[in-house]
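# Next come a sequence and a model predicted from it.
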Amino acid sequence: MAEIKAAPEPLQAICYEPGSLRLLDQRKLPLESVYLDIKDSNDGWSAIREMIVRGAPAIAIAAALSLAVEVYNLEFNGTPQEAADFLVNKLEYLVSSRPTAVNLSDAATKLGDLVRKIGQTATESKLVFQAYIVAAEAMLAADVASNKAIGSHGAIFLRKQSDQLEKMCVLTHCNTGSLATAGYGTALGVIRSLYANGFLEKAFCTETRPFNQGSRLTAYELVHDKIPATLITDSAVASLMKSGSINAVIVGADRIASNGDTANKIGTYSLALSAKHHGVEFYVAAPVTSIDITLRSGDEIVIEERSPKELLNSEGGLGKQIAASGIQVWNPAFDVTPAALITAIITEKGVITKNEDDVFDIKSFLENGN
């Protein structure tokens, strides 16, 4: 395998130490950098729901750590089994904050299974809480390592796929960097790795309406890391591709079905259709925890709807009214890109490519030790 250099350490959106959690309020970026103290799972739920923290990996970690902070100094007089039940109920509550993001439900399930098991044998409730805290902290470290592996695998694969190019121009959508993860990023992590190794000429990022995660967050990260980058409107994608300026598209994922259908930020499907028409390779970068092997296709993915205010008001719903009073709004948070439009799925375990029948066999990829 080719040697890949690591990119410089990026921004930090999640600041944690035992008993303390601070989250960067991403609604205020790029003009202000404000960290909010998260005291318990109620604060965690609100931070996720109100988009203070966003991005599937970051959501899962912030949720888990908000509960870890809550129980760190909790005075609890119940039995170990009652402590486990307390944690499971809190985890279920946290999942309700953002149901489309599979990383959150997956983390809640795994943590819930762990504390139930500990609760059966522990001699006191604090041992259950301690086990939970250790597991939540391990998620934080594991996510950073996972992201860097995604970046490395992606950079190597894209380089091989584009070996006729000295450097490449890559388009991304929404925000999949340090601000969407525990650090480094998924799709943006691949871009970071490409740049660190001299393979990237320029990154293009979409505004990503209506909440503008691209213009507010991805552009902020690219400028911070001094990566050559250009911001475009969502509606300019097709024209940019027609000009021949894009060699590849790489996006993140909130949930991937077993056939490769991928739910991601609204507008991703449009990008994939345009890429297909213009002969541009389209990649998804996500940890394997974003894969929901229980779903046969994207038709089974529940798509949540966001507040109408995000369209009716400026600044993603936070500013003044800009639309006519009385107009109805449809504001889905995500769309589903069919697997047929996706070239490959980049994970921390390697790159999932299509078989001779031109379909993804994700189940076999996972079963083969990946």
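Arrived safely, thanks for sending. Keep in mind it's a predicted model, so treat the numbers as computed, not measured.
# Apart from its chain neighbours, what residue comes closest to Thr123?
Pro80 (7.1 Å; Cβ to Cβ, 6 or more residues apart in numbering). All C-beta spots, glycine's among them, are computed from the backbone N, C-alpha and C.
# Find me the pLDDT at the one you found, would you?
pLDDT recorded at Pro80 is 96.
# How about Leu114?
Leu114 carries a pLDDT value of 96.
# Who are the contact partners of it?
With contacts defined as Cβ atoms under 8 Å, 6 or more residues apart in numbering, Leu114 is in contact with Ala131, Tyr132, Ala135.
# Equivalent analysis for Ser215, please.
Cys205, Glu207, Thr208, Leu231.
# What is the nearest of these to Val69?
The shortest gap between Val69 and any of those belongs to Thr208, at 30.3 Å (Cβ to Cβ).
# my read: the closest one touches Ser270, true?
No. At 11.5 Å, Thr208 does not count as touching Ser270 under the criterion of Cβ atoms under 8 Å.
# which of those two has more neighbours?
Taking neighbours as other Cβ atoms under 10 Å, Thr208 and Ser270 compare with Thr208 leading, 24 against 17.
# Output stretch 230-248 as CSV - backbone C-alpha positions only.
Presented in CSV, the C-alpha positions along stretch 230-248 are these (Å, rounded to 0.1, in the frame of the first residue of the first chain):
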residue,chain,number,x,y,z
THR,A,230,-14.1,27.6,-4.0
LEU,A,231,-17.7,28.0,-2.8
ILE,A,232,-20.5,27.5,-5.2
THR,A,233,-24.3,27.6,-5.0
ASP,A,234,-26.1,24.3,-5.0
SER,A,235,-27.7,25.2,-8.3
ALA,A,236,-24.3,25.7,-10.0
VAL,A,237,-23.2,22.1,-9.7
ALA,A,238,-24.3,21.0,-13.2
SER,A,239,-22.7,23.9,-14.9
LEU,A,240,-19.5,23.4,-13.1
MET,A,241,-19.4,19.7,-14.0
LYS,A,242,-20.2,20.5,-17.7
SER,A,243,-17.2,22.8,-17.7
GLY,A,244,-14.9,19.8,-16.9
SER,A,245,-13.7,21.4,-13.7
ILE,A,246,-14.7,18.4,-11.4
ASN,A,247,-12.9,15.1,-11.4
ALA,A,248,-14.8,13.5,-8.5
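# Please spell out which residues along that stretch are buried.
Using 16 or more other Cβ atoms under 10 Å as the test for burial, stretch 230-248 gives Leu231, Ile232, Asp234, Val237, Leu240, Met241, Ser245, Ile246, Asn247, Ala248.
# tell me which of those residues is nearest to Phe360?
Ala248 (18.0 Å).
# Surely the closest one touches Met168?
Yes. Counting by Cβ under 8 Å, Met168 is a contact partner of Ala248 at 6.3 Å.
# Find residues that contact each of these two.
Counting by Cβ under 8 Å, 6+ apart, the common neighbours of Ala248 and Met168 are Leu158, Ser162.
# so of the buried residues of stretch 230-248, which ones are in helices?
Val237, Leu240, Met241 (DSSP state H).
# Please report the distance of the first one from Val280.
Val237 sits 10 Å away from Val280, going by Cβ to Cβ, to the nearest Å.
# anything in contact with each of the two?
With Cβ under 8 Å, 6+ apart, Val237 and Val280 have common neighbours Ser274.
# how about the contacts of Leu114 in TSV, adding secondary structure?
Output for the contacts of Leu114, formatted as TSV (DSSP: H, G, I helix; E, B strand; the rest coil):
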residue	secondary structure
Ala131	helix
Tyr132	helix
Ala135	helix
